[in-house]
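Asks: have a look at this prediction, sequence included:
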Amino acid sequence: PPRALGPPPPGPVGAAPRAEARPCPEERECSVSADTVLAPLRAALDSCRPSVQKQVCNDIGRRLTVLEDAWAQGKLSAPVRKRMSLLVQELQQHHWDAADEIHRSLMVDHVNEVSQWMVGVKRLIAETRNLPDNQP
């Protein structure tokens, strides 16, 4: 009879390397500043305060602080920083669906990195979208 094979080799099975795993071709493209992302998020939160429950706003604020701390401590990878920058740009342009899609892709691809604070960003997108000024 054929001999039993040993355990599979270590590493991802059948997974092609992700494009994001490569270093950025342009370093400055990856070095997004925390303020570039956090300032617009905090501004969006401020615009929600008059019409959104205080408890909800406080929770979003706490989660943005967790994001800020993770960023300051260098705990966020370049792909996460870059995608958060894109998410903020979509949010500022009122492209709600695009911002939501970036949020979803971050949750799928980088769940361990973003799970503590991304819920707040998701809620912020939803609340900002529902503001009276932003209705179609």
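Replies: Arrived safely, thanks for sending.

Asks: tell me which residue lies nearest the centroid of this protein.
Replies: The centroid of the chain falls nearest to Met84 when counting by Cα atoms, centre = their mean (4.7 Å).

Asks: these two touch, right, it and Val32?
Replies: Yes: Met84 is in contact with Val32 according to Cβ atoms under 8 Å; the separation is 7.3 Å. Bear in mind the C-beta positions are built from the backbone N, C-alpha and C, glycine included.

Asks: element containing the residue nearest to Leu106 when sequence neighbours are not counted?
Replies: In this structure, Leu106 finds its nearest non-sequential neighbour in Val114, 5.1 Å apart by Cβ to Cβ, 6 or more residues apart in numbering. According to DSSP states H and E, Val114 maps onto helix 111-129.

Asks: who are the packing partners of that helix?
Replies: Counting contacts by 3 or more Cβ pairs under 8 Å, 6 or more residues apart in numbering; DSSP states H and E, helix 111-129 is packed against helix 34-48, helix 54-72, helix 78-92, helix 96-109.

Asks: indicate which one of those helices is closest to Leu131.
Replies: For the helices and strands packed on helix 111-129, the distance to Leu131 is smallest for helix 34-48, at 6.5 Å, taking Cβ to Cβ.

Asks: where does this structure have low pLDDT?
Replies: Within the chain, the stretches with pLDDT under 70 are 1-30, 135-136.

Asks: against His94, how distant is Gln53?
Replies: Look at Gln53 and His94: by Cβ to Cβ, to the nearest Å, they are 22 Å apart.

Asks: and the two? Which one has more around it.
Replies: Remark: of Gln53 and His94, His94 carries more neighbours, 14 against 11, as counted by other Cβ atoms under 10 Å.

Asks: ok, now which ones touch the more buried one?
Replies: Residues near His94 by Cβ atoms under 8 Å, 6 or more residues apart in numbering: Asn134.
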